[in-house]
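# Sequence first, predicted model second:
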Amino acid sequence: MTDTARPDGGRAALAGFVTNRLGRATPRPAPVKAASPAGKSAAQNFENLPGYRELKLQRQAAELIGLGNPFFRVHDAKAGATTRIDQKSFTNFSSYDYLGLNGHPRVSNAAREAIDAYGTSASASRVVAGERPGHISLEQALAKHYRSEGCVVMVSGHATNVTTIGALLEAGDVIFHDALSHNSIVTGAQLSGAQRRSFAHNDLDALETLLQTTRHEHRRALIVVEGLYSMDGDAPDLAGLIALKKRYDAWLMVDEAHGLGVTGRTGAGLFEHCGVDPKEVDIWMGTLSKTLSTCGGYICGPIALIEYLKHSAGGFVYSVGMSPPLAAAAEAALAVMNAEPERVERLRQNGTLFLTTAKKLGLDTGFSLGLAVVPIIVGDSLKAVTLSDRLFRRGINVQPIIHPAVPERASRLRFFLTSEHTPDQIRDTVNAVAEELAAIDKGGSLIEQLLAKRA
């Protein structure tokens with residue numbers, strides 16, 4: 001019998017939702033029961049997976065308090081500064097299309113020409129029979145961008161980190177990563193079998209302490225950071241990281257998934273933002289799904305690294321080659337980014353406007369630099385989901401980020417800015433956030449309100 005089937009089911013489900021803070025509690029596994037007539041025990045029933053049961057509880061609680069599901073909404077338009085959902089127009093802050101290149105004529109035409117020439121699929125691993133001219137051309141363009149000897153592109157950004165880190169390190173090695181590193185970095189470190197040590201976010205003193213006390217215990221060492229942190233919108237001190245990696249004989253890997261097209265005067269990335277020669281970084285990683293408006297990931301670095309990955313990284317060797325139209329579109333998007341620097345400047349102006357307006361209204365933007373990612377931290381998962389829902393009703397699409405993606409007290413709305421947002425859209429949105437947040441706070445405790453409502 002479900003919680004909602006009990007006499008006080010609504011209150012019980014709601015209380016569970018609030019107490020667990022949308023997934024805060026660790027669910028207990030169900031006891032194993034005797035096999036059913038079909039031959040499966042309760043433990044073998046997918047519906048009894050602890051995580052699924054928790055998910056169902058969250059959904060029931062959200063329905064009870066009238067909150068729509070902010071996830072998996074179907075958009076009827078291309079990703080960009082605006083979108084359509086259920087035939088309604090929204091100002092959209094949930095798109096990675098930082099420079100508005102998704103649907104750019106040059107980018108779309110490149111994809112069409114590649115389809116005409118090579119079809120929609122490479123149809124095999126590049127090692128076997130999937131290599132196409134567009135793969136090589138894109139890799140050359142990205143290698144040139146980072147002034148590196150070579151590049152390898154893969155079909156998934158997440159898999160690029162996982163398979164690269166997993167292939168480079170092994171037992172006896174050590175990986176130092178920022179505490180706020182993306183899941184793909186952590187998963188790659190776990191796959192490698194190397195020791196994994198995290199340091200406080202952007203705290204190079206903490207990193208050096210770890211290096212001083214543990215580096216000598218291991219053969220190889222890798223330091224991994226992000227060029228622009230997707231939850232907080234801030235960036236690391238690249239020059240300081242380079243000094244540490246030299247001092248302690250380590251490789252330095254920078255994940256530029258959100259940095260390319262955003263940081264630096266021309267959007268070149270973290271190295272331009274920090275005024276550093278990109279050759280000083282051992283491994284540049286990035287994704288094609290943000291500024292470059294396609295899908296996939298890449299690694300740039302020394303030719304020995306690239307050749308090794310092309311023959312040893314499982315995510316490359318045993319995966320189909322990137323779709324030819326995606327490779328062609330990504331290369332075209334990189335070319336447009338370099339040819340139209342005004343897009344980067346518009347993005348910078350929009351980010352600055354959003355950040356300064358939010359701060360004037362007393363909103364907590366954390367450590368954001370106001371480049372393309374600006375969080376509004378509200379400090380509670382329930383409040384974040386409620387605020388997102390209220391904004392959606394006002395024609396603003398922005399996603400809540402809640403525990404466990406961030407600590408419970410750091411729950412937030414995460415705004416992705418693009419070069420195509422207008423100043424009016426930005427001002428109206430920030431004002432709406434302040435108004436709705438004030439209305440929520442004015443009503444007192446959300447928990448008590450909602451429990452009383454369902455009594």
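Yep, that arrived.
# Now do Phe176, the pLDDT please.
On pLDDT, Phe176 comes in at 98.
# hang on, it is in a helix, isn't it?
No. Assessed by DSSP: H, G, I helix; E, B strand; the rest coil, Phe176 does not belong to a helix; its assignment is strand.
# Count the residues that sit near it.
Using other C-beta atoms under 10 Å, Phe176 has 26 other residues around it. No exception for glycine: its C-beta is placed from N, CA and C like everyone else's.
# try Ala171
10.
# again with Pro325
Residues near Pro325, counting by other C-beta under 10 Å, number 23.
# show me the contacts for it.
By C-beta atoms under 8 Å, 6 or more residues apart in numbering, the contact list for Pro325 reads Ala110, Ala111, Arg112, Ala114, Ile115, Tyr118, Thr120.
# Can you add distance to Val433, pLDDT and secondary structure and give these back as CSV?
Formatted as CSV, these follow (distance: C-beta to C-beta, whole Å; pLDDT from 0 to 100; DSSP: H, G, I helix; E, B strand; the rest coil):
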residue, distance to Val433, pLDDT, secondary structure
Ala110, 38, 98, helix
Ala111, 36, 98, helix
Arg112, 40, 98, helix
Ala114, 41, 98, helix
Ile115, 41, 98, helix
Tyr118, 46, 97, helix
Thr120, 41, 96, coil
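# Neighbour count says what about those residues? Which are buried?
Neighbour counting by 16 or more other C-beta atoms under 10 Å classes Ala110, Ala111, Ala114, Tyr118 among the contacts of Pro325 as buried.
# re the thing from before, adding distance to Ala159, write the contacts of Pro325 out as CSV.
CSV is the format used below for the contacts of Pro325 (distance: C-beta to C-beta, whole Å):
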residue, distance to Ala159
Ala110, 24
Ala111, 22
Arg112, 27
Ala114, 22
Ile115, 24
Tyr118, 22
Thr120, 20
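# Need the residue closest to the centroid of the protein.
Closest to where the C-alpha atoms of the chain average out (C-alpha atoms, centre = their mean) is Ser230, at 5.5 Å.
# ok, the spatially closest residue to it that is not a sequence neighbour - contacts?
Of all residues not flanking Ser230 in the chain, His258 sits nearest, at 4.9 Å (C-beta to C-beta, 6 or more residues apart in numbering). The neighbours of His258, taking C-beta under 8 Å, 6+ apart as the test, are Tyr96, Glu226, Gly227, Leu228, Tyr229, Ser230, Lys290, Ala372, Val373.
# which of the residues you listed lies closest to Glu208?
Glu226 (18.8 Å; C-beta to C-beta).
# Distance of the closest one relative to Ala438?
33 Å (C-beta to C-beta, to the nearest Å).
# between the two, who's got more neighbours?
Neighbour totals were compared for Glu226 and Ala438, and Glu226 leads with 27 against 12 (other C-beta under 10 Å).
# State the distance from the more buried one to Ser192.
On the measure of C-beta to C-beta, Glu226 and Ser192 end up 18 Å apart.
# just Ala143 next, same as before
25 Å.
# what's the answer for His177, then?
In this view, His177 and Ser192 are 12 Å apart by C-beta to C-beta.
# Tell me where this structure is predicted with low confidence.
1-39, 61-62, 64-66, 444-455 (pLDDT under 70).
# quick one, strands of it?
82-85, 88-92, 150-154, 174-178, 195-199, 221-226, 251-255, 283-287, 297-301, 373-377, 396-397, 399-401, 412-416 (DSSP state E).
# Which among these is found nearest to Thr266?
Here strand 283-287 is closest among the strands of the chain (C-beta to C-beta), at 15.7 Å.
# Now do the contacts for Ala171.
Neighbouring residues of Ala171 by C-beta under 8 Å, 6+ apart: Gly193, Ala194.
# mind checking the backbone torsions on it?
Here is the backbone geometry of Ala171 (degrees, to the nearest 10): phi -50, psi 140.
# quick check, nearest of the buried ones among the contacts of Pro325 to Gly68?
Ala111 (33.9 Å).
# how close does that closest one get to Met154?
Counting by C-beta to C-beta - Ala111 and Met154 are separated by 18 Å.
# now swap in Glu331 and tell me
15 Å.
# that older thread, now the strands of the chain as a markdown table including distance to Arg53?
Converted to a markdown table, those look like this (distance: least, C-beta to C-beta, whole Å):
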| stretch | distance to Arg53 |
| --- | --- |
| strand 82-85 | 29 |
| strand 88-92 | 33 |
| strand 150-154 | 35 |
| strand 174-178 | 32 |
| strand 195-199 | 30 |
| strand 221-226 | 33 |
| strand 251-255 | 34 |
| strand 283-287 | 33 |
| strand 297-301 | 34 |
| strand 373-377 | 30 |
| strand 396-397 | 29 |
| strand 399-401 | 22 |
| strand 412-416 | 27 |
